[in-house]
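[1] got a sequence here, can you build the structure:
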Amino acid sequence: MSHDISEQLLEAAETVILRKGIGNLTLSAVAAEAGMSKGGLLHHFPTKNNLIESLVVRSAEQWRKSYQDAFQQTSEGPGRMTRGLLDYCMTDAESWTEKLLHISSAVFTALAQDPKLVQPMRDVYSDLHERLMDDGLPPGVSEAVVAAMDGLWLNCVLGLAPIDQPRLDRVRQALKEMVTTALE
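    Residues are numbered from 1 along each chain as shown. Below you'll find the predicted structure:
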């Protein structure tokens, strides 16, 4: 399977989901969005479930890369993973934009289609939570940080409350103070 074509098809699927809604995700709609025949799409993704599973795998791996990058860019010591998440994911409100909606669309689509398709994201979150449990912070601190981030994410993708820079700064600062206090 050509990586470029499969990426093009996954991008087209995300676009269909965001423009028309999960209920209107069809292989025909994805093929049309990608400017490809349905037969061409079926060559790469024989079923809708294959397409959705690939969307979830891609999203999960993007999230894994994000938290691994956050870890690598953070100084050693207790709370390294947690501190990294705060600095990497909660610094720039501009990163909470359309791209986040594209990435998030996979999870919601999988839940609507077949909840088993969310498993790759569950696996990535399981890995992250294992890292957080060994992060050297008192129990509950790392989990509270991730729960706050997930809450902001849910607010953002559902359009419940906008994520602007002042709000992100306030939440990040409060969470950093919680982590700093836990490290004392």
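[2] when you work out contacts or count neighbours from here on, use the C-alpha atoms and nothing else.
    OK.
[3] domains for this protein, by residue range?
    1-46, 56-183 (automatic domain parsing).
[4] got these as JSON lines, with mean neighbour count and mean pLDDT columns?
    Shown next, in JSON lines, are the domains of the chain (neighbours: other CA atoms under 10 Å; pLDDT from 0 to 100):
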{"stretch": "domain 1-46", "mean neighbour count": "17", "mean pLDDT": "90"}
{"stretch": "domain 56-183", "mean neighbour count": "17", "mean pLDDT": "91"}
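[5] so who does residue 41 touch?
    Residues counted as contacts of residue 41 (CA atoms under 8 Å, 6 or more residues apart in numbering) are 9, 27, 31.
[6] list the contacts for residue 67?
    81, 84-85, 88, 128.
[7] show me which of those is closest to residue 139.
    Set against residue 139, the nearest of the contacts of residue 67 by CA to CA is residue 81 (14.1 Å).
[8] was I right about that closest one contacting residue 129?
    No: counting by CA atoms under 8 Å, residue 81 sits too far from residue 129 to count as a contact (10.0 Å).
[9] tell me the first helix or strand C-terminal of the top helix by length along the chain.
    Using DSSP state H, we find that the single longest helix of the chain is helix 48-72. Downstream of helix 48-72, the next assigned helix or strand under DSSP states H and E is helix 80-89.
[10] which SSE is immediately downstream of that next one?
    Downstream of helix 80-89, the first helix or strand assigned by DSSP H and E is helix 98-113.
[11] which strands and helices lie in contact with that following helix?
    Judged by 3 or more CA pairs under 8 Å, 6 or more residues apart in numbering; DSSP states H and E, helix 98-113 is in contact with helix 3-20, helix 48-72, helix 141-157.
[12] if we go to 6 Å?
    helix 48-72 (3 or more CA pairs under 6 Å, 6 or more residues apart in numbering; DSSP states H and E).
[13] look up how far residue 181 lies from residue 174.
    Distance check for residue 174 against residue 181: by CA to CA, to the nearest Å, it reads 11 Å.
[14] burial count for residue 49?
    Using other CA atoms under 10 Å, residue 49 has 14 other residues around it.
[15] what about it, distance to residue 25?
    Residue 49 sits at a distance of 11 Å from residue 25 (criterion: CA to CA).
[16] with residue 64 instead?
    In terms of CA to CA, residue 64 sits 26 Å off from residue 25.
[17] equivalent analysis for residue 14, please.
    Residue 14 is 9 Å from residue 25, by CA to CA.
[18] now swap in residue 70 and tell me
    33 Å.
[19] now residue 162: which helix or strand?
    Residue 162 belongs to no helix or strand, assigned by DSSP H and E.
[20] grab the nearest non-local neighbour of residue 9.
    Excluding its sequence neighbours, the residue lying closest to residue 9 (CA to CA, 6 or more residues apart in numbering) is residue 34, at 6.0 Å.
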